[in-house]
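Asks: need coordinates for the below:
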Amino acid sequence: MNEFQPITVSRRSSREEREIALMQIYRQVLERVPYSYERKAMAKAERDFLSDKIGVRRFLKELGHSRVYLDSFYYSSANLKFLELCFKHFMGRAPLNRDEIRDYCDILMKQGVHHVITAILDSEEYRKVFGCFTVPYARQTTYYESPKAYLESDILNHEHVAQRGRAVPTLYWHQLGLNCEGGVCITIEGENPALQNYHPEMKEAEAPQGTRIQQELLELLHGLDAVEAQRLVASLHRKQDRA
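Replies: Residues are numbered from 1 along each chain as shown. The predicted model follows:
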């Protein structure tokens, strides 16, 4: 089954259809099939979902608030990267811009991680796009306002867990002109041939705006605790660290 094909359940859905939806939720949110001990941790929520006591959105809240999700992404990632992953998993897109990252970073720092998940799933955008019964999926090209917005999400939606590290969000390494393959960010010299070969749409995106974006990234770092800030900085290559 195509992972980007929308799956919706309803009151008329059979148990088999709900089981298919359940597995798709795990593939979308965990990016893998859950381990047996994780299924045990989610057993009650699974029973409620399969018996039609709760819908997709409610199950997503249970999963997003669980140790299963938080151990997989929150405790192993820098806060900024975690926020980006939340948008990928629950909204099917990358953060729209740095303002959106900043807003949700503020929620995370002041209210905690559960409030971030709740804010995304209770947002007007989520309700409009997915409602209560559709499994989130990567957005189609017609959704995006520009080729650049599509490119950011396309890169993120095709990114494997930790493929480009667990610290720097796609929006930042992309616009800073970095290559973060392998989890270590290095400065790309010259014309950025690696990225242009990877995505032809890159030529329509904004050119790296190094100094200004670095300053914004530093401002966000001030909102993180020392451990989070050190983790993010440690992911940068020494050339970028000096920039």
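Asks: following the helix or strand where Ile107 lies, which helix or strand shows up next?
Replies: Take DSSP states H and E as the rule and Ile107 turns out to sit in helix 98-111. Using DSSP H and E, the helix or strand that follows helix 98-111 in sequence is helix 113-121.
Asks: so after that next one, what's the next helix or strand?
Replies: With elements assigned by DSSP H and E, the helix or strand that comes after helix 113-121 is helix 124-129.
Asks: count the neighbours of Tyr66 for me.
Replies: One thing to correct before we go on: residue 66 is Ser, not Tyr. Counted with other CB atoms under 10 Å, residues neighbouring Ser66 total 16. To be clear about C-beta, it is placed using only N, CA and C from the backbone, and glycine gets the same treatment.
Asks: likewise for Ala45?
Replies: 21.
Asks: am I right that it is in contact with Phe59?
Replies: Yes - between Ala45 and Phe59 there is a contact under CB atoms under 8 Å: 5.7 Å.
Asks: so where's the chain shaky on pLDDT?
Replies: For the chain, residues meeting the criterion pLDDT under 70 lie at 1-4, 141-152, 154-155, 158, 162-165, 167-168, 171-243.
Asks: repeat that for 50
Replies: Scanning the chain for pLDDT under 50 picks out 1-3, 190-208, 210, 236-243.
Asks: and it, what are its domains?
Replies: Using automatic domain parsing, the domain ranges for the chain come out as 15-72, 76-135+145-242.
Asks: thinking again about what came up before, check which residues of the helix holding Ile107 are buried.
Replies: By neighbour count on 16 or more other CB atoms under 10 Å, the buried set for helix 98-111 is Arg98, Ile101, Arg102, Tyr104, Cys105, Ile107, Leu108.
Asks: from the residues you listed, which is closest to Glu38?
Replies: Proximity of those to Glu38 (CB to CB) peaks at Leu108, which lies at 23.4 Å.
Asks: which helix or strand contains the closest residue to Tyr69 other than its chain neighbours?
Replies: With sequence-adjacent residues excluded and distances taken as CB to CB, 6 or more residues apart in numbering, Tyr69 is closest to Leu63, at 5.5 Å. Assigned by DSSP H and E, Leu63 belongs to helix 56-65.
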